[in-house]
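>>> I'd like to go over a predicted model; first the sequence, then the structure.
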Amino acid sequence: MDAALAFPLLVGLIGIALFFDFLNGLHDAANSIATIVSTRVLRPQFAVAWAAFFNFIAFLFFGLHVAETLGKGIIDPAIVSPLVIFSALMGAILWNIITWVFGIPSSSSHALIGGLVGAGLAKVGWDSIVWSGLLKTASAIVLSPAIGFFLALILVLIVSWICVRQTPFAVDRSFRVLQFFSASLYSLGHGGNDAQKTMGIIAVLLFSQGYLGQEFYVPFWVVLSCQTAMALGTLFGGWRIVHTMGSKITRLNPMQGFCAETGGALTLFGATWLGIPVSTTHTITGAIIGVGAARRASAVRWGIAGNIVVAWVVTLPAAAVISAAFYYVGSLFG
């Protein structure tokens, strides 16, 4: 391809990747603010600004292990081409829009991974898959909500024991303040894990086109661009999904909101440190169900939780199918 054509195409693909990152922030704003809004600690417009700030500064606290996993640990970097990246992004973007319209808290992360897998399979077949990275990521579909569930459940039991002699009013007042801290932690975890996925996509695209030399790495301008796009998306909020996450699954008080956010944040911190691209949506949903179940099993609307689980299972293959379709159509014009 002529260099005069290749560079505009590259810029366009980076723009699409940043648009996906923006949608990720929009779609997943609920993850960061659902609990603090549903407990009425912050108004929605202030909550999204709070979450967006901590989404943006997350790169100051975490390494780039997740970006490296996405960039070279899902499909073989050697088979990456502009059409593969375009197809992967379109699969993820379309699935995100579909689930956003219907208010379904599906995973932007697994939509992107599904998009990569679908495009890789369409181009090369099963040899395109880096199975160690994909299996590690797929296992997180089950483990991240389970860990979030149990950490939040344990935190509720510990906090309830500590506060057993305090009045409900005193407990409520204390945890209204502490929820600012827990919401900040969760937003840091969200920005640290999710923004890195788009960093990995852009970096592997640059690497495949020879812009990074012989060694894969993530340029600093890519880090800043992705953190900014995600923060802007969070500012616009995903109100349909906030409603599902914040009130339809179970009703929360400030103490429960603190436990859900803290349990979810600890899960994200561990996953980001290990370089595992987990779903922030899965994690916070598991944590919210955990605090509801700690009160009593009937406090959780299990039917809605079940519908969310179905969306989780469908996300990766659905995004893969959409991505593969884009690759096949695009290859006709290649």
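Looks like it came in fine. Numbering: from 1, shown residues only.
>>> look up the closest residue to Tyr211, ignoring the ones flanking it.
Nearest non-adjacent residue to Tyr211, counting by Cβ to Cβ, 6 or more residues apart in numbering: Leu10, 7.9 Å away. All C-beta spots, glycine's among them, are computed from the backbone N, C-alpha and C.
>>> let me fix that: Phe207
The spatially closest residue to Phe207, leaving aside those adjacent along the chain, is Phe216, at 5.1 Å (Cβ to Cβ, 6+ apart).
>>> assign that neighbour to helix, strand or coil.
Assigned by DSSP: H, G, I helix; E, B strand; the rest coil, the conformation of Phe216 is coil.
>>> next one: phi and psi at it?
phi -70, psi 130 (degrees, to the nearest 10).
>>> with Pro219 instead?
Main-chain dihedrals, Pro219, degrees, to the nearest 10: phi -60, psi 150.
>>> contacts only, for it.
203, 206, 212 (Cβ atoms under 8 Å, 6 or more residues apart in numbering).
>>> so how far is Ala320 from it?
Separation of Pro219 from Ala320 (Cβ to Cβ, to the nearest Å): 28 Å.
>>> what sits closest to Gly275 if chain neighbours are left out?
His65 (3.1 Å).
>>> looks like that neighbour contacts Trp273 (just checking).
Yes: contact criterion Cβ atoms under 8 Å: His65 and Trp273 qualify, at 7.1 Å.
>>> who's more crowded, those two?
Neighbour count, other Cβ atoms under 10 Å: between His65 and Trp273, His65 has more, with 19 against 13.
>>> can you name the residues that contact the more buried one?
Contacts of His65 (Cβ under 8 Å, 6+ apart): 196, 272-275.
>>> how close does the residue in the chain sticking out farthest from the centre get to His65?
Most distant from the centre of the chain: Arg165, at 38.3 Å, with distances by Cα atoms, centre = their mean. Distance of Arg165 to His65, computed by Cβ to Cβ: 43 Å.
>>> next one: phi and psi at Ile129?
Residue torsions, per degrees, to the nearest 10, at Ile129 are phi -80, psi 130.
>>> mind listing what it touches?
74-76, 117, 120-121.
>>> and which of those residues is nearest Leu332?
Leu121 (17.2 Å; Cβ to Cβ).
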